[in-house]
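Q: okay, predicted coordinates and the sequence, questions at the end:
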Amino acid sequence: MSVDISTTYLGLKLSSPLVVSACPLSGDLSSLQRLEEAGAGAAVMQSLFEEQIEHEEMEWFHVHENTSDRYAESTSFFPEMEDYNTGPDRYLQHIEQAKRALTIPIIGSLNGTTKGGWIRYAKLIEQAGADALELNIYIVPTETHVTSEQIEQRYLELVAAVRAEISLPLAVKIGPFFTSLPHFAKRIEAAGANGLVLFNRFLDPDINLATLEVTPHLVLSSRDELRLPLRWIGILRNRVKVSLACTSGVHFAEDALKALLAGADVVMMASALLRNGPTHLETVLAEVQNWLVENEYKSVTQLIGSVSREKSANPEAFERSNYMRALASYTSRLDG
Ligand SMILES: Cc1cc2nc3c(=O)[nH]c(=O)nc-3n(C[C@H](O)[C@H](O)[C@H](O)COP(=O)(O)O)c2cc1C
């Protein structure tokens with residue numbers, strides 16, 4: 001029995017719900033081609049960072065105007081960034097090349113926190129041929145006088161500013177730390193987003209006991225991290241009109257199926273593909289297909305959202321009461 005595994009994301013028809021998340025694999029054309037062959041429905045490029053763009057502009061200014069002390073300070077941040085991807089011009093060229101080499105939709109990614117000149121790169125990414133843009137907003141508030149409303153306002157202004165630059169579909173990738181995510185999601189939608197990517201993984205700092213230095217370092221995700229986006233996607237499904245993408249902790253077919261059941265239109269994968277290589281996507285997709293056939297689904301669309309909070313026989317499992325039940329079940333396991 002054949003099963004239709006296509007889905008719609010940001011208004012784009014995708015041949016499969018497995019999307020390559022922004023990560024180094026999407027910075028490499030041959031990996032992208034292998035991922036397309038393995039059945040990826042789309043690929044999100046690595047992010048181009050506000051700091052990278054501003055840095056390049058400052059460098060230009062420095063060369064031409066021969067200034068300044070501020071410049072020296074701000075460049076100290078950059079060696080790592082330059083290793084991450086190769087800078088704004090190469091970034092745009094990479095999108096053009098990816099568009100020529102692949103048939104799946106290519107989603108550009110911009111990462112920034114303040115309204116500024118870097119936003120014009122949204123337009124340049126559109127002109128380079130990207131099919132959509134993902135805007136990753138990653139703000140870590142540290143000031144005691146800044147309110148949550150002010151922070152949210154900053155997000156919304158950024159979304160609106162990027163929306164005004166482009167006519168491409170726009171997804172916004174955010175973290176989970178909002179007091180009322182459903183309300184904020186509605187506001188992001190009203191600001192012009194077509195999709196939400198849930199969630200950004202913050203790179204939490206660590207302390208090196210030998211050097212007493214604070215060292216943010218990147219670790220690949222674990223499957224347990226899926227629970228957080230699973231809850232919020234389940235809650236948001238049918239409460240917002242925008243597309244929903246699940247990112248964090250999708251490693252195997254079971255994870256992808258759960259995210260789709262909760263209500264994700266697509267699932268994004270980075271860590272598992274980095275760990276196991278592009279062919280892992282083929283295995284996951286085959287297992288998703290098998291599960292659908294075994295469970296008599298005709299399509300992925302039929303699956304999507306069928307265990308969302310609204311559709312679930314047990315909606316409170318997405319809410320607070322789940323907590324008490326979980327505690328109680330743990331205790332009884334100890335007793336038993
Ligand atoms: C090495 C690495 C590089 C990443 N680079 C980016 C990036 O440039 N932009 C972005 O939005 N997310 C980036 N991410 C985050 C992933 O896109 C993804 O959201 C996150 O890793 C959670 O998904 P996972 O559990 O499948 O890894 C990166 C992740 C890894 C592991």
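A: That came in fine, so what should we check first? Residues are numbered from 1 along each chain as shown.
Q: C-alpha from now on. contacts and neighbour counts both.
A: Will do.
Q: run a quick neighbour tally on the nearest residue to Lys298 once chain neighbours are set aside.
A: Distances taken as CA to CA, 6 or more residues apart in numbering place Val3 nearest to Lys298, at 5.0 Å, with adjacent residues excluded. Applying other CA atoms under 10 Å, we find 14 other residues in the vicinity of Val3.
Q: my read: Val3 touches Leu292, true?
A: Yes - using CA atoms under 8 Å, Val3 is in contact with Leu292, at 7.3 Å.
Q: list residues touching both of those two?
A: Applying CA atoms under 8 Å, 6 or more residues apart in numbering, one finds that Val3 and Leu292 are jointly contacted by Lys298, Ser299, Val300.
Q: buried subset of these as a ChimeraX selection?
A: Buried members of those, identified by 16 or more other CA atoms under 10 Å, are gathered into one ChimeraX selection as follows:
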select :299,300
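Q: SS state for the residue nearest to Ile166 when sequence neighbours are not counted?
A: Take Ile166 and drop its neighbours on the chain: the residue closest to it by CA to CA, 6+ apart is Lys123, 5.6 Å away. Taking DSSP: H, G, I helix; E, B strand; the rest coil as the rule, one finds Lys123 in the helix state.
Q: any weak-confidence spans in the protein?
A: 1, 57-86, 321-322, 332-336 (pLDDT under 70).
Q: next to the ligand, which bits of the stretch 51-200 of the chain? Give me the list.
A: Applying CA under 6 Å from any ligand atom, we find that the stretch 51-200 of the chain lies next to the ligand at Asn136, Asn200.
Q: again, only this time at 8 Å
A: Residues of the stretch 51-200 of the chain lying close to the ligand by CA under 8 Å from any ligand atom are Ser109, Leu110, Asn111, Glu134, Leu135, Asn136, Lys173, Phe199, Asn200.
Q: where along the stretch 1-150 of the chain do the helices fall?
A: Assigned by DSSP state H, counting those that start in this stretch, the helices in the stretch 1-150 of the chain fall at 29-38, 50-65, 69-75, 78-84, 88-101, 120-127, 148-165.
Q: closest one to Leu281 among the ones you listed?
A: Checking those against Leu281 by CA to CA gives helix 29-38 as the closest, at 5.9 Å.
Q: quick one: buried residues of that closest one?
A: Leu29, Ser31, Leu32, Gln33, Arg34, Leu35, Glu36, Ala38.
Q: again with stretch 186-202
A: 186-189, 191-201.
Q: ends of it, how far apart?
A: Stretch 186-202 has an end-to-end distance of 23 Å (CA to CA, to the nearest Å).
Q: list the contacts of that stretch.
A: By CA under 8 Å, 6+ apart, the list of residues contacting stretch 186-202 from outside reads 9-10, 136, 138, 155-157, 159-160, 163, 169-176, 185, 229, 233, 240-248.
Q: recalculate using a threshold of 6 Å.
A: 10, 160, 163, 169-175, 229, 242-247 (CA atoms under 6 Å, 6 or more residues apart in numbering).
Q: then stretch 312-329?
A: Applying CA under 6 Å, 6+ apart, the set of residues contacting stretch 312-329 is Arg231, Arg309.
Q: how about 7 Å then?
A: The contact list for stretch 312-329, computed with CA atoms under 7 Å, 6 or more residues apart in numbering, reads Arg231, Ile235, Arg309.
Q: list the buried residues of it.
A: Ser312, Pro315, Phe318.
Q: same thing with stretch 270-280?
A: Ala270, Ser271, Ala272, Leu273, Pro278, Thr279, His280.
Q: next, format those as JSON lines and append secondary structure and distance to the ligand.
A: Formatted as JSON lines, these follow (DSSP: H, G, I helix; E, B strand; the rest coil; distance: CA to the nearest ligand atom, whole Å):
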{"residue": "Ala270", "secondary structure": "coil", "distance to the ligand": "4"}
{"residue": "Ser271", "secondary structure": "helix", "distance to the ligand": "4"}
{"residue": "Ala272", "secondary structure": "helix", "distance to the ligand": "6"}
{"residue": "Leu273", "secondary structure": "helix", "distance to the ligand": "8"}
{"residue": "Pro278", "secondary structure": "coil", "distance to the ligand": "13"}
{"residue": "Thr279", "secondary structure": "helix", "distance to the ligand": "15"}
{"residue": "His280", "secondary structure": "helix", "distance to the ligand": "12"}
